[in-house]
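> Model the structure of this input:
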Amino acid sequence: MARSKATPVASPVEQVDTRYLQTLLGYNARRAALSIIGVFLERLAVYDLRPVDFSVMSVIHHNPGVTSRQLCATLSILPPNLVGLIQSLEARGLIERQPHPTDGRAVGLHPTAKGVSLMQQAEVTAAEVEIDASSKLTPHQRQTLVQLLQKIYL
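Reported below is the predicted structural model:
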């Protein structure tokens, strides 16, 4: 079929225009997160921790005895997704389950000595990743950004 004379010929895009996307909070938050997560994955690979593993271990490390229910609520993780993760961390010897002191139906999650040691090292590395990833910000700007982001989800 012959092209109609009224149909303009498309010209190649020389530079992609993302000005509208750059006005969106979600777009900017996601782009920033992707750049940080890439470095995080690379540097925390030595600990065999994905971001979700790191988050769960950090909460357990700083809150010995936390329950699975509390973890799910705090980190917005669905219970079925947490089950395998807890089993994996337990199989690696990083956490252990202990009876809850007041609720006979609940089990508290505690870091093992191996888990504490791992998290002490991993949290230092994570802090370095954050500083490196936000090197264009001053410490005050970094703190302000964290506080502003927390206003959205806390």
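> contacting residues around the residue most central in space within the chain?
The residue lying closest to the centre of the chain (Cα atoms, centre = their mean) is Pro51, at 4.6 Å. Counting by Cβ atoms under 8 Å, 6 or more residues apart in numbering, Pro51 touches Ile37, Phe40, Leu41. For the C-beta atoms, the positions are set from N, CA and C on the backbone; glycine is no exception.
> Pull out the buried residues from those.
By neighbour count, with 16 or more other Cβ atoms under 10 Å, those hold Phe40 as buried.
> Now the contacts of Pro51 in a markdown table, please, with extra columns for secondary structure.
Shown next, in a markdown table, are these (DSSP: H, G, I helix; E, B strand; the rest coil):
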| residue | secondary structure |
| --- | --- |
| Ile37 | helix |
| Phe40 | helix |
| Leu41 | helix |
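> Mind putting the contacts of Pro51 into a markdown table with distance to Gly108?
A markdown table is the format used below for these (distance: Cβ to Cβ, whole Å):
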| residue | distance to Gly108 |
| --- | --- |
| Ile37 | 30 |
| Phe40 | 28 |
| Leu41 | 30 |
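> nearest to Gly65, of the contacts of Pro51?
When the contacts of Pro51 are ranked by distance to Gly65 (Cβ to Cβ), Phe40 comes first, at 27.1 Å.
> In contact with the nearest residue to the closest one once chain neighbours are set aside, which residues?
The shortest distance from Phe40 to any non-neighbouring residue, by Cβ to Cβ, 6 or more residues apart in numbering, is to Val129 (5.1 Å). Counting by Cβ under 8 Å, 6+ apart, Val129 makes contact with Ile36, Val39, Phe40, Arg43, Leu44.
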